[in-house]
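K.L.:
coordinates for the following, if possible.
(one chain, ligands or ions: 1)
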Amino acid sequence: MGTSLWLCSVGADIAANANMLQWRWATRKTCRPYVDVAAWPDTTEGHTVSGHPIDYDALDEAYARHRGANPRVLRALIDGASVGATSRVLDIGCGTANYARATAAMTGSRVVGMDPSIGMLTQAAAHAAEVRLCQGSAGGLPFRRCSFDLAFSVDVIHHVPDTGSYYRELLPLLGPGSRACTVTDSDEIIRTREPLATYFPGTVEADLRRYPLVSRLQEEMAAAGFADIALETVELAYEVTDPGPYRAKAFSCLHLISEAAWREGVDRMAADLTLGPIRGVSRYVLIWGRKAATVRHAAQSADSR
Ligand SMILES: C[S@@+](CC[C@H](N)C(=O)[O-])C[C@H]1O[C@@H](n2cnc3c(N)ncnc32)[C@H](O)[C@@H]1O
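P.N.:
Below is the predicted model of the structure:
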């Protein structure tokens, strides 16, 4: 890709405010070039799923151009965790920072976006100046205990190799009574996604294989110590008028079907669009969990600052 991401260590004031052990803040404004993408050793970490490589460093521009935050998900995250101006929020697998940026803009909260992909973080840095960014993966979250009032991920959990251990490492990062939310697709959602299921039916089987079951995630959250585990479903109907995102493969599942199946779907969609808009439905399940208040004393004493 040849792009350099400008990274630097954050100042002590920010580290103290955000209560973080170590993280790097991507910005084009102030820092020396820290790493060249081509030389970065672990840009593919966590991107290989069931033998199908999803290279997000190669998808960064398509994502930046074609993907946005689902307003229903955004509203549910903000309301569900009562996010306000003093809240500290972590977006795990933030990608181009769609959700991180919108959360910061709508609430004035302090938002950290974390992603393993330098390409995604480069796009995020270009479009989300108000969000602090760092490189990292679920499975090695680089933050101190009790750092966040809300930690969420959208469309990421199917990339996490060991979800049980992810939830175990996530719980201590939350303050007492704070919430975590995993936004993902259930089996039923995968089977009924439109226009994907109609035009790219191969994506259904591919995603049923790679997405963890919601019930399993609930069990893992409970085993990790989360309380008040609850499900919420949001739905947004919209009109598809442009095959561009599908042509650009701005959905990772389109990388899991054959070139012939993808091309056939795009051609069929483009032909149908000459007759008028196509029905689109974006649905998500939000899996909520809370760090119990009873953990408060243990967490506070362990977090001696
Ligand atoms: C489908 S994109 C979603 C991006 C963003 N959350 C959004 O909804 O716009 C998936 C993101 O997960 C990131 N990712 C992959 N493996 C990860 C891991 N183990 N931990 C955290 N993020 C990961 C990818 O780099 C990519 O940016």
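
K.L.:
off-centre distance for the helix ranked longest in the chain?
P.N.:
Ranked by residue count, the top helix of the chain under DSSP state H comes out as helix 259-273. The chain centroid and the centroid of helix 259-273 are separated by 28 Å under Cα atoms, centre = their mean, to the nearest Å.

K.L.:
rounded mean pLDDT for it, please.
P.N.:
Regarding helix 259-273, the rounded mean pLDDT is 97.

K.L.:
and it, what's buried?
P.N.:
261, 262, 265, 266, 269, 272 (16 or more other Cβ atoms under 10 Å). For the C-beta atoms, the positions are set from N, CA and C on the backbone; glycine is no exception.

K.L.:
thought the second one was touching residue 200?
P.N.:
Read that as residue 262. Yes: in this structure, residue 262 is within contact of residue 200 by Cβ atoms under 8 Å, at 6.7 Å.

K.L.:
what touches both of those two?
P.N.:
Common neighbours of residue 262 and residue 200, using Cβ atoms under 8 Å, 6 or more residues apart in numbering, are residue 254.

K.L.:
count of residues packed around residue 241?
P.N.:
11 (other Cβ atoms under 10 Å).

K.L.:
so what's it scoring on pLDDT?
P.N.:
Here the pLDDT value assigned to residue 241 is 96.

K.L.:
likewise for residue 141?
P.N.:
For residue 141, pLDDT reads 92.

K.L.:
residues touching the nearest residue to residue 67 once chain neighbours are set aside, list them.
P.N.:
Leaving aside its sequence neighbours, residue 67 sits nearest to residue 250 (Cβ to Cβ, 6 or more residues apart in numbering; 5.8 Å). The contact partners of residue 250, by Cβ under 8 Å, 6+ apart, come to 59, 62, 63, 65, 66, 67.

K.L.:
so for the helix or strand harbouring residue 245, mean pLDDT?
P.N.:
Element membership of residue 245, judged by DSSP states H and E, is helix 244-247. Summarised as a single mean, pLDDT over helix 244-247 is 94.
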